[in-house]
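In: Quick one, what's the 3D model for this:
(chains A and B)
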Amino acid sequence: MPVALKSNLCCAGVETHCGSKLLAGYRPPYDATCVERLVAAGAVIVGMTHMDEFGMGSSSENSAYGVPRNPWDDARTPGGSSGGSAVAVAAGLVPLALGSDTGGSVRQPASLCGVYGLKPTYGRVSRYGLVAFASSLDVVSPFARSARDLELVLGVISGADERDSTCQPLPPIEPERPAEPRRLTGLRVGVARPYVEAAAPGVRAACDAALARLAQLGAELVPVDLPHTEYAIPTYYVVATAEASSNLARYDGVAYGRRVTGDGTLQGMFAATRDAGFGAEVKRRILLGTYVLSAGYHDAWYGRAQRVRTLVREDFERAFAEVDLVAGPTSPTVAFRLGERAADPIAMYRSDACTVPTSLAGLPALSLPAGFAAAEDGRELPVGLQLVAPALQDARLMRVARALEDVLDAPARRAPAFGGAR
Amino acid sequence: MDESPLETLRRTAALARLRLDDAEAQGLSRDVAAILAHFQALAALDVAGVVPTLGGTPLEDVKRADEPRPCMRRDALLANAPDPRDAFLGVPKTLETDA
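Out: As a prediction, this is how the structure comes out:
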C-alpha cells in the first residue's frame, strides 16, 4: 500500500527536511519506528510531504519550500502543520499518510481537507524517529479516507517500543468488533459547549447534523462544559514553545544540517547558522519559549502553564465520569484563504482552539468528514467533527467513526480539484 | 532598572543563540509583546495547590534493559556532518593559542 510521510518522520536515506532550510539535504541514517513497521507490513513509502517548519503552524505556510493548496479550493489553506499529508490523501494520491499532531496538526488539516485524521493517545505510537517539536505533546498520527483504514494503520504503527521512553508497554491497538456495528445504543456523547460556541454558524450546523445522526444510531447526547478551554491556547503556546526552544537547540551547525560560518568563532557559527536556517515563525517560538523558561519568568509563565495544563486535563476527567466520548467541531472555521492569517500570529493560534485542549490532556481524538459549510464566497467546504475519548480508548473512536461513516454522505465526496463529483 | 521590550528580546535572543538584524528584532519584539499580553489571561487563574503536569503521560517512563548492543555506524552518522574530520566533527577553534 502506498504511504506518504510528513517530512519530519525519519526515512533512511531520504531527505527529511522538516520544512526547514536548516535541514536541507539531511538524510537520516535510520527509519522512524512507525516507518520501519509500515515497511515491514508491506507498505511502500512513496514520498515526503509538505509541512510548516518543524510543525510550527496551522496553515502549512511557514515553510522554506512553498505553500500547499487545499484541493477543495486552491486559494485556501489545507491547514497545518501536516498540510501536505492531508492534501495527498484528500486528492487521492495515496490512501494513507502519516503526519504528527502536537496541537491539532493532523486533526485540523483532516477537517479542512475532508479526510479522516486520528491523534492517538500520547504514548501509544513510538516517537522514535519523529523530529521533536514539543516532546510532551508530539504524537505520530495518520490520515486516511475511512475509519477502517485508520484501524489498519494504527494496528501496524502502535504498540511498545523500547527506543521511546514515553511509549507505553502495550500491544498494538486492536479494533473493537461490536455485535451490532451500526448501533450505538448506550453510548453517551458529551457535546463540548466551548468548541461549539467557538465555531462559525455553518460549521456548527454541519456538526449538529452529524451529531443528530449519532443520536439516530442510539447515542445519547448531553452537553459538557470543559470550563478551562479558554486557557488552553495560552497554556499550549507556553508549554509547546518552551519545549521547542530546548529541542531546537540542537540545530547549531555541528553534527548535521546546514552550517553558516559567521564571524569564524564557534558562538558566531551557532548564531549565523540559526539565523540563516530558521524561518520567522520558528524564531518567534524559540524566543517565546526561551523567554518563558528564563530566570525570573519561569514560575510566572512555564510553571503556571504546567498547572493550568492540569486543570484542562481535569476538565476531561470530570466529563468522562459522565460520558463515553466528547464531540464537537475540529476547527472553528472551514479552510481559510492563504495569507489571511499569516501576518497575525494570535489569529493563527486561535485556529487550534478546539484541538489543543486534547493535546494538553494527552487524549485520543479523531476528526471525521461530517459535512460541508459555505465559506464567505458561498463555496462549499468540508467540516470535520472531532470525537475525543478517554486515554487508551482509541479503538472506541474508530468504532463510532465507522458507524457514522455509513450514514453520512460527506466521506464519499471527493475534492473537485482532483476530479471528484460534488 | 527595567529593560525595554527590545532589550528583553535582545537578551532572550542571545540566550537562544539567535542573531537578529535590527528590523527583525523590532518586529519580533512587537510580536512577542502582543502574544504575551494576550496570554496574560493565565495570570487570572488561581493555581495554588494545583499539581503541575510535567509530561504527556501520567504513566512512568519506560526503561529498557541496561545491556550492550550495537549502535549506529559512525560513517553513517558522520555522513550528514558539515565538517567531518576522520572520526570527529570539526568546528571553529575555541581556544586562542600561540602555537
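
In: List the buried residues of the one helix or strand residue A:189 maps to.
Out: Here residue A:189 sits within strand A:188-192, counting by DSSP states H and E. The neighbour-count check on strand A:188-192 (16 or more other Cβ atoms under 10 Å in any protein chain shown) flags A:189-192 as buried. Where C-beta positions appear, they are placed from N, C-alpha and C, glycine not excepted.

In: Show me the shaky parts of chain B.
Out: Applying pLDDT under 70 to chain B picks out residues B:1, B:97-99.

In: change it to 90
Out: For chain B, the stretches with pLDDT under 90 are B:1-5, B:54-65, B:71, B:93-99.

In: that older thread, and the strand holding residue A:189, what does it pack onto?
Out: helix A:201-216, strand A:220-224, strand A:325-329 (3 or more Cβ pairs under 8 Å, 6 or more residues apart in numbering or on different chains; DSSP states H and E).

In: Now render these as TSV, adding mean neighbour count, mean pLDDT and distance to chain B.
Out: What follows is the helices and strands packed on strand A:188-192, written out as TSV (neighbours: other Cβ atoms under 10 Å in any protein chain shown; pLDDT from 0 to 100; distance: least, Cβ to the nearest Cβ, whole Å):
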stretch	mean neighbour count	mean pLDDT	distance to chain B
helix A:201-216	18	97	23
strand A:220-224	15	98	20
strand A:325-329	27	98	19
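
In: Throw those into a markdown table and include distance to residue A:12, thanks.
Out: A markdown table is the format used below for the helices and strands packed on strand A:188-192 (distance: least, Cβ to Cβ, whole Å):
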| stretch | distance to residue A:12 |
| --- | --- |
| helix A:201-216 | 41 |
| strand A:220-224 | 45 |
| strand A:325-329 | 38 |
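
In: ok, now which ones touch the residue nearest the centre of chain B?
Out: Of all residues in chain B, the one closest to the mean position by Cα atoms, centre = their mean is residue B:16, 6.0 Å from it. Contact analysis of residue B:16 by Cβ atoms under 8 Å, 6 or more residues apart in numbering or on different chains lists A:245, A:249, A:274, A:286-287, A:290.

In: And for residue A:271?
Out: Per Cβ under 8 Å, 6+ apart, neighbours of residue A:271: A:262, B:17-19.

In: and if you look at residue A:10?
Out: A:16, A:28, A:30-32, A:35, A:129-131.

In: re earlier: CA-only coordinates of the strand holding residue A:189 in PDB, if you can.
Out: What follows is strand A:188-192, C-alpha atoms only, in PDB (Å, rounded to 0.1, in the frame of the first residue of the first chain):
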ATOM      1  CA  ARG A 188     -23.200   8.700  26.000                       C
ATOM      2  CA  VAL A 189     -21.700  11.600  24.000                       C
ATOM      3  CA  GLY A 190     -20.800  14.900  25.600                       C
ATOM      4  CA  VAL A 191     -21.200  17.800  23.200                       C
ATOM      5  CA  ALA A 192     -18.400  20.200  24.000                       C
END
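
In: so what strands line up beside that strand?
Out: Each strand that pairs with strand A:188-192, with its direction, by DSSP bridges: strand A:220-224 (parallel), strand A:325-329 (parallel).

In: Can you lay out those as JSON lines showing distance to residue A:303?
Out: Formatted as JSON lines, the strands paired with strand A:188-192 follow (distance: least, Cβ to Cβ, whole Å):
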{"stretch": "strand A:220-224", "distance to residue A:303": "28"}
{"stretch": "strand A:325-329", "distance to residue A:303": "28"}
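
In: tell me the contacts of the residue nearest to residue A:59 when sequence neighbours are not counted?
Out: With sequence-adjacent residues excluded and distances taken as Cβ to Cβ, 6 or more residues apart in numbering or on different chains, residue A:59 is closest to residue A:77, at 4.1 Å. Contact partners of residue A:77, counting by Cβ under 8 Å, 6+ apart, are A:59-61, A:67, A:69-70, A:83, A:112, A:335-338.

In: next one: residue A:31
Out: A:10-12, A:39, A:129.

In: From the residues you listed, list just the buried residues.
Out: A:10-12, A:39, A:129.

In: which of these lies closest to chain B?
Out: residue A:12 (8.9 Å; Cβ to the nearest Cβ).

In: thought that closest one was touching residue A:30?
Out: Yes. Taking contacts as Cβ atoms under 8 Å, residue A:12 lies within contact range of residue A:30: 5.5 Å.

In: Using CSV, list the CA coordinates for stretch B:88-99.
Out: Extracted in CSV, the C-alpha atoms of stretch B:88-99 (Å, rounded to 0.1, in the frame of the first residue of the first chain):
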residue,chain,number,x,y,z
PHE,B,88,35.4,13.7,14.6
LEU,B,89,33.1,16.7,14.0
GLY,B,90,35.1,19.8,13.0
VAL,B,91,34.2,23.2,14.5
PRO,B,92,35.9,26.6,14.6
LYS,B,93,38.8,26.8,17.1
THR,B,94,37.6,27.8,20.6
LEU,B,95,41.0,28.3,22.4
GLU,B,96,43.5,31.0,21.4
THR,B,97,47.0,29.6,21.4
ASP,B,98,50.3,30.9,20.1
ALA,B,99,51.1,27.5,18.6
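
In: Specify the local secondary structure of the nearest residue to residue B:18 once chain neighbours are set aside.
Out: In space, and not counting its chain neighbours, residue B:18 is closest to residue A:274: 5.5 Å by Cβ to Cβ, 6+ apart. Secondary structure, DSSP: H, G, I helix; E, B strand; the rest coil: residue A:274 is helix.

In: which residue ranges form the strands in the chain?
Out: As the question left the chain open, I've gone with chain A. For chain A, the strands defined by DSSP state E occupy A:2-6, A:44-49, A:96-101, A:116-119, A:139-144, A:188-192, A:220-224, A:325-329, A:365-374, A:380-388.

In: other chain: chain B
Out: Under DSSP E, chain B gives strands at B:84-85, B:88-89.

In: what about these, which gets the closest to residue B:26?
Out: strand B:88-89 (35.5 Å; Cβ to Cβ).

In: can you pull out the helices in the chain?
Out: Just going to use chain A. Ranges of helices within chain A are A:33-40, A:83-90, A:107-113, A:147-157, A:193-198, A:201-216, A:232-247, A:266-277, A:280-293, A:304-320, A:345-350, A:356-361, A:394-405, based on DSSP state H.

In: let's do chain B instead
Out: B:5-15, B:22-39, B:74-78.

In: All good on my end, thank you.
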